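Undergrad: Sequence and predicted structure below; questions after.
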Amino acid sequence: MKKPKKLFDKKVICPNCYTEFTTKKPISSRLRILESETDGHRIYKDTSPYLYDMNVCPICGMAFDEKLNNTLYEEDIAKLINYFSNVKDYSHYCEERKIDDAIRISRLALLIADIIDEPHTLKGVQNLKTSWLYRERCDIQNEQKYLTASKIEFEEAFESEDFEYFGLKTHVLYNILSETCRKLDLYEDAAKYYSKLFRCATTPTYMKQKAQNNWLDYNSRE
């Protein structure tokens, strides 16, 4: 008996070179969540959708997702052409991926986000997802590196952006920041963001209860 397919072929268009190509994506109805962690990371049985978040053009190497915000202007394309001049072969990233593939793609996406000056909100999300990939590989040093980067980007977003425009609610961002600071053992910052989360009018009751338990656990650590 054949195993059920877990991936399907999706057609996408590269925003850099406008090539239409086919890439693998997980079938959502076949995804099985084993555990949900406090900062939003989910542990899946078998196929993890985090491996397939980003598309990679097999022609030019552009890494992007459906949330790409900024239009690629001529000066951006010139910068990308300079970067992609060293591209060898990205076609295998359109097939089934391993964790190391996903990490390389996520880091490429962050580099491109810097080149085209994507908003802090989107860079914060991508850094957070990169940290999750390193967590799944049990690489604590790099997980903390990208958690720190996500904290910096999200704090910049609070100061200068309408992050809710990108679908990120205030209480969700407070929760991400409080949990990120807890994982990084930044006590004062964690206390600040937990306090904001508890006082935020839109924070759901279930989230407050989970956050209170996490804060109590954090305070009672030896």
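TA: Thanks, I have the structure now. Numbers count the residues shown, from 1 in each chain.
Undergrad: Now the element after the helix or strand of the chain with the lowest mean pLDDT, going C-ward?
TA: Of all helical and strand segments in the chain, the minimum by mean pLDDT, DSSP states H and E falls on helix 74-84, at a mean of 70. Following helix 74-84 in sequence order, the next helix or strand is helix 99-115 (DSSP states H and E).
Undergrad: Show me what that next one is packed against.
TA: When contacts are defined as 3 or more CB pairs under 8 Å, 6 or more residues apart in numbering; DSSP states H and E, helix 99-115 packs onto strand 63-64, helix 74-84, helix 120-136. Where you see a C-beta, it was placed from the backbone N, CA and C, and this is true even at glycine.
Undergrad: rerun that using 10 Å as the cut-off
TA: Judged by 3 or more CB pairs under 10 Å, 6 or more residues apart in numbering; DSSP states H and E, the packing partners of helix 99-115 are strand 55-56, strand 63-64, helix 74-84, helix 120-136, helix 140-160.
Undergrad: Got the domain ranges for this structure?
TA: 7-161, 169-222 (automatic domain parsing).
Undergrad: export the ones you listed to a markdown table and tack on mean neighbour count?
TA: Shown next, in a markdown table, are the domains of the chain (neighbours: other CB atoms under 10 Å):
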| stretch | mean neighbour count |
| --- | --- |
| domain 7-161 | 17 |
| domain 169-222 | 16 |
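Undergrad: Would you agree G61 falls within a helix?
TA: No. Counting by DSSP: H, G, I helix; E, B strand; the rest coil, G61 is not found in a helix; it is coil.
Undergrad: ok, the residue nearest the centre of the chain - contacts?
TA: Nearest to the geometric centre of the chain sits K129, at 2.8 Å (CA atoms, centre = their mean). K129 is in contact with G40, H41, Y50, D53, M54, D65, A102, S106, A109, L110, Y146, S150, counting by CB atoms under 10 Å, 6 or more residues apart in numbering.
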